[in-house]
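>>> Provided below for reference: sequence and predicted model.
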Amino acid sequence: MNLPQQRPHHEIAALFAAAQPDFLRVSAPMVRYSKLEFRRLVRKNGVQLSFTPMMISESINNSEKARQNEFTTDPDDQPLVAQFAAKDATEFVTSAQLIYPYVDGIDLNCGCPQSWAMSKGYGCGLLRQPERVREVVQQVRRTLPSDFSVSVKMRLLGGSEADSVERTIDLARQLEHAGVTFLTLHGRTPAQKHSKDTLNISAMEEVRKSLQIPLIVNGNVESWSDACELHAQTGAAGVMAARGLLANPALFNSDYPTATTTPLACVEQWLDIAAAAGDNLLFQCFHHHLTFMWSSEMKRSLRVQFNSLSTKKQVVEFLGEHYNVRTSGPAPEPAPYTDCTYTHFTPPRHARHIAAEAEELAWSSRSDGKFFTEFKEHQISKPAGDDLELGDLFGAEE
């Protein structure tokens, strides 16, 4: 099938080679948060490859409204990988054909440990069926051009430590042979919770040694030094950060190698990006990111006041008054947004897909979500001066 390209595609494999002897700096797929405006911010601060939020294939394939709500891009939003949660090869291939003109690669989510995702056969649920994961990769490879990136984000498989490593290596090699461009590995099993003690660095190193393709490693990357250390320990070609980038979007910016909180200049960049985005950036998303970035700088009374704000104007005035954080100058030119159309491909229709259009997803991009709700309750309850951590609260992606 000949699919159109909205722009020339980046060769993702070449990015890893260009990053040597260092590592590729990667922004994780994060439900609700790794949207276009946040990708603009982290790209200004050292990120070399960005992922979209995880998108549900069944929804994207069958709803134009979902496509317009869940995916936005612009001419500078590159290189970019779109991640999908799909149950089978048909769903994933359909999503890939739809998104192909606007991204540089597609990624299958086999790493989300959330119970709602696993119950629907998404995320870590696919790790129970490794033959299906292999089939998905093979089918998309037969459908899309060979130079288009196809990848899988996964966790260590369960079992005893020896069995876990052996089973993970076996699946990783199968996917390599099936044609993936690279793999991303989170160093925990689906059953393990976020804790520094549970990250299996030696297992990630063993998996990396078993492969000829690039491996991105993920887990506990909360600072630049964490990223450098994980690279040194595993020898991986790339390092991915999720919660660490929410707390400090300048994590990969080598101008701030010792920063433990978001630099003031980065917060100001976010205000400028929001101003240029206008109504394209919902207040909720704008406010949430500032909560993650700046809550540790606030005393408890100011956190409560900040959480009560309801407009971007109120937020900008609050930050200027209390922290001298301001936009860089006059109102910027409106940011460009690509007009994404999907007339190049008509997804196949099935009865269960038609029925699914009326079904609400387990999460909504416009809701606060469990992660932010628990984070907000956690940070309000902290005494003034105590450090705030994202800790175990991050749920949608690791």
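That came in fine, so what should we check first?

>>> now V267: closest residue in space, sequence neighbours ignored.
V325 (5.3 Å; C-beta to C-beta, 6 or more residues apart in numbering). Using the backbone N, CA and C atoms, a C-beta is placed for each residue, glycine as well.

>>> any idea how far that neighbour is from L211?
To L211, V325 is 44 Å away according to C-beta to C-beta, to the nearest Å.

>>> so S328: helix, strand or coil?
Here S328 is recorded as coil under DSSP: H, G, I helix; E, B strand; the rest coil.

>>> and it, what pLDDT?
We have a pLDDT of 87 for S328.

>>> same question, the one 4 residues further on
The predicted local distance difference test score for P332 is 88.

>>> with the one 3 residues further on instead?
Among the per-residue scores, A335 shows a pLDDT of 96.

>>> wait, it touches A274, no?
No. Counting by C-beta atoms under 8 Å, A335 stays clear of A274, with 9.7 Å between them.

>>> so those two - more neighbours on which side?
Per other C-beta atoms under 10 Å, whichever of A335 and A274 has more neighbours is A274, with 25 against 19.

>>> spatially nearest residue to that one, not counting backbone neighbours?
Counting by C-beta to C-beta, 6+ apart, the residue nearest A274 is F286, at 5.0 Å.

>>> then Y342?
That would be L98: by C-beta to C-beta, 6+ apart, it lies 5.3 Å from Y342.

>>> which residues touch S225?
Listed by C-beta atoms under 8 Å, 6 or more residues apart in numbering, the contact set of S225 reads P257, T258.

>>> may I ask which helix or strand encompasses it?
Take DSSP states H and E as the rule and S225 turns out to sit in helix 224-234.

>>> tell me how many other residues crowd A227.
24.

>>> you'd agree the residue nearest to V267 is up against L319?
Yes. V325 is within contact range of L319, at 4.0 Å (criterion: C-beta under 8 Å).

>>> overlap of the contact sets of those two?
Among the neighbours of V325, those also in contact with L319 (C-beta under 8 Å, 6+ apart) are V267, L271, W294.

>>> the closest residue in space to I99 that isn't next to it in sequence pairs with what?
Sequence neighbours aside, A82 is the residue nearest to I99 in space, at 4.8 Å (criterion: C-beta to C-beta, 6+ apart). Counting by DSSP bridges, A82 forms beta bridges with I106.

>>> ok now do A82, which residues does it touch?
F51, T52, M55, F71, S95, I99, Y102, V103, G105, I106, D107.

>>> shaky segments in this structure?
Applying pLDDT under 70 to the chain picks out residues 1, 193-197, 349-398.

>>> and the top helix by length along it, which residues are buried?
Longest helix of the chain, by residue count under DSSP state H: helix 161-178. Across helix 161-178, burial judged by 16 or more other C-beta atoms under 10 Å covers S164, V165, R167, T168, I169, L171, A172, Q174, L175, E176, A178.

>>> does the third one touch R155 like I think?
No. Checked against C-beta under 8 Å, the pair R167 and R155 is beyond contact range at 11.3 Å.

>>> secondary structure element for E321, which one?
Using DSSP H and E, E321 falls in helix 312-323.

>>> pull the residues that contact that helix.
264, 267, 271, 274-275, 283, 286-287, 290, 294, 297, 302, 305-306, 309, 325-327.

>>> mind doing that once more with 10 Å?
Residues from elsewhere that reach helix 312-323, judged by C-beta atoms under 10 Å, 6 or more residues apart in numbering: 264, 267-268, 271, 274-275, 277-279, 281-283, 286-287, 290, 294, 297-299, 302, 305-306, 308-309, 311, 325-327.

>>> hmm, back to that, how far does the strand or helix carrying the residue nearest to Y342 sit from the chain's center?
Take DSSP H and E as the rule and L98 turns out to sit in helix 89-99. Counting by C-alpha atoms, centre = their mean, to the nearest Å, helix 89-99 is centred 19 Å from the centre of its parent chain.

>>> other SSEs contacting it?
strand 55-56, helix 57-62, helix 64-70, strand 80-85, strand 105-110, helix 130-143 (3 or more C-beta pairs under 10 Å, 6 or more residues apart in numbering; DSSP states H and E).

>>> again, only this time at 6 Å
Here helix 89-99 touches helix 57-62, strand 80-85, helix 130-143, going by 3 or more C-beta pairs under 6 Å, 6 or more residues apart in numbering; DSSP states H and E.

>>> export the ones you listed to JSON lines and tack on distance to N220?
Below are the helices and strands packed on helix 89-99 laid out as JSON lines (distance: least, C-beta to C-beta, whole Å):
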{"stretch": "helix 57-62", "distance to N220": "29"}
{"stretch": "strand 80-85", "distance to N220": "21"}
{"stretch": "helix 130-143", "distance to N220": "25"}
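
>>> buried deepest among the ones you listed, which one?
strand 80-85 (a mean of 26; mean count of other C-beta atoms under 10 Å).

>>> now that strand and helix 130-143, what's the angle there?
On the basis of axes from the mean of the first three to the mean of the last three C-alpha atoms, to 10 degrees, strand 80-85 is oriented at 140 degrees to helix 130-143.

>>> now strand 80-85 against strand 105-110, angle please.
Going by the same axes, to 10 degrees, strand 80-85 makes 30 degrees with strand 105-110.

>>> from the chain's centroid, how far away is strand 80-85?
8 Å.

>>> extract the C-alpha trace of that strand and format it as CSV.
This file holds the C-alpha atoms of strand 80-85, laid out as CSV (Å, rounded to 0.1, in the frame of the first residue of the first chain):
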residue,chain,number,x,y,z
LEU,A,80,8.3,11.4,16.9
VAL,A,81,7.0,7.9,17.7
ALA,A,82,3.3,7.2,18.2
GLN,A,83,2.4,4.6,20.8
PHE,A,84,-0.7,2.5,20.6
ALA,A,85,-2.4,0.0,22.9
